[in-house]
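Visitor: Here is a sequence together with a model predicted from it:
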Amino acid sequence: MAIARGELMGELMDGQTQIFHEEAFLHLLNREAVRATRYQDFFTVCLLRPDDPGDRWRVTEEIDRAVSRKVPAFVRATDMVGQLSSAIAVILLHTAGEDALRVAERIRANIEQVAFRESSEGPPQRLTVSVGKVSFPQDGHTDAALLAQALAFLDQAAHRGGNRVTDSGEVID
């Protein structure tokens, strides 16, 4: 029984946001870590999350999905974007170091320029995101190690006031 490409993509990707579901993204991250180990290659993982806007309004699931829809516009078509339970995740293929930092900063700055609605009748509001960035193999050799480190950097960025990218170039308190 042949499975149509659209059906397969529907199982792997969210129909509204066109980004990978968590299970599919984690599988792709694992495959990329194995491939990069075998071929001595490199890549970067960025985790991002909308910052808490305080008493102005609150980040809802709708806003989180709206941010998820915007992120692919700020990366290359070959990069992979997925929704994890704790953050929006991006794999930047063949990108590390200062290049990856520039991409992470570009994503952060571009999201800051977009207005989002808390609800269908509410006024559009701008929000910021925090980003945790790690690169293979510098920050870890396995998908689990990379995700754990990226999440720690993401939490650190949020803890330090948000609207920033944190990576191994900064010391975690």
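Guide: Received the coordinates, thanks. Computed from a predicted model, the values in this text were never measured in an experiment.
Visitor: Which parts of this protein are strands?
Guide: Ranges of strands in the chain, per DSSP state E, are 43-50, 80-83, 88-93, 115-117, 124-126, 129-136, 165-166.
Visitor: Grab the nearest non-local neighbour of the most centrally placed residue in the chain.
Guide: Averaging the C-alpha coordinates of the chain gives a centre point, and the residue nearest to it by CA atoms, centre = their mean is Ala89 (2.6 Å). If the residues on either side of it in the chain are set aside, Ala89 comes closest to Gly82, at 4.8 Å by CB to CB, 6 or more residues apart in numbering. (Glycine included, C-beta is placed from N, CA and C.)
Visitor: wait, isn't the one you found in contact with Glu23?
Guide: No. Between Gly82 and Glu23 there is no contact under CB atoms under 8 Å: 9.2 Å.
Visitor: Between those two, which is the more surrounded one?
Guide: Here Gly82 and Glu23 are compared on neighbour count by other CB atoms under 10 Å; more neighbours surround Gly82, at 26 against 11.
Visitor: Gln19 - how many residues pack around it?
Guide: For the record, residue 19 is Ile, not Gln. Using other CB under 10 Å as the criterion, Ile19 is surrounded by 22 other residues.
Visitor: Quick check: bridge partners of Val90?
Guide: Under DSSP bridges, the beta-bridge partners of Val90 are Cys46, Val81.
Visitor: Please name the residues that touch it.
Guide: Val90 is in contact with Val45, Cys46, Leu47, Leu48, Val71, Val75, Asp79, Met80, Val81, Gly82, Ile107, counting by CB atoms under 8 Å, 6 or more residues apart in numbering.
Visitor: Most neighbours of all those, which one?
Guide: Per-residue neighbour counts (other CB under 10 Å) across those peak at Cys46, which has 31 neighbours.
Visitor: does that one really touch Val129, like I thought?
Guide: No. Using CB under 8 Å, Cys46 makes no contact with Val129, being 10.1 Å away.
Visitor: Between those two, which contacts overlap?
Guide: Residues touching both Cys46 and Val129 (CB under 8 Å, 6+ apart): Ile107.
Visitor: quick one: the closest residue in space to Gln18 that isn't next to it in sequence and Asp41, what's the gap?
Guide: The shortest distance from Gln18 to any non-neighbouring residue, by CB to CB, 6+ apart, is to Pro72 (6.6 Å). Look at Pro72 and Asp41: by CB to CB, to the nearest Å, they are 22 Å apart.
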